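J.: Turn this into a structure:
(one chain, ligands or ions: 1)
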Amino acid sequence: MHEWALADAVIQTAVEVAQRESLKKITSIKMSLGELQEIEREFFDTALNELMKTHGDLFSKTKINIKTIKTRFKCRACGHQWKLSDTEKTLDEETRESIHFIPEVAHVFIRCPKCKSPDFDIVEGRGIGIDSIVGEK
Ligand SMILES: [Zn+2]
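T.: So this is what the prediction gives:
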């Protein structure tokens, strides 16, 4: 499952940081999760918790902080920038759901609010990023 692969990547990164910096415990992992992402948050949290248990004491005190990043779009035609929330009002619930899980779908339903062009970039708020990994020796 996709969520497990992502969670595994996060945990592997933390393990590498711990080895490199000779940390006995990881105390905090801070992540950013795009509003437009392909993961089911509940599965992701479960996956993180399960994976952390497989590393003995390393993650016994870890606080995980996940911040949601608002998605911003930029029109390639006119340069206009807008947020997902600006567009969502014009979409029905089913479409909104599919956009959250399959960002590619955004290009089918979302148009630049200014010039109606379907040609835009997702500037930020997509996928997942690790902001910081902190631990103690
Ligand atoms: Zn435009």
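
J.: and the residue lying closest to residue 84 once chain neighbours are set aside, how far is that from residue 96?
T.: On the basis of Cβ to Cβ, 6 or more residues apart in numbering, the spatially nearest residue to residue 84 that is not a chain neighbour turns out to be residue 71, at 4.0 Å. To be clear about C-beta, it is placed using only N, CA and C from the backbone, and glycine gets the same treatment. Taking Cβ to Cβ, to the nearest Å as the measure, residue 71 falls 12 Å from residue 96.

J.: Between the two, point out the one with more neighbours.
T.: Applying other Cβ atoms under 10 Å to residue 71 and residue 96 shows that residue 71 carries more neighbours, namely 24 against 15.

J.: isn't the more buried one right next to residue 121, touching?
T.: No: between residue 71 and residue 121 there is no contact under Cβ atoms under 8 Å: 11.2 Å.

J.: Run through the chain and note the low-pLDDT ranges.
T.: Within the chain, the ranges that satisfy pLDDT under 70 run 1, 38, 101.

J.: ok, and what's touching the top helix by length along the chain?
T.: Of all the elements of type helix in the chain, the one with the most residues (DSSP state H) is helix 2-20. By Cβ atoms under 8 Å, 6 or more residues apart in numbering, the list of residues contacting helix 2-20 from outside reads 23-24, 26, 29, 31, 38-40, 43-44, 46-48, 51-52, 55, 58-59, 62, 128, 130, 133, 135.
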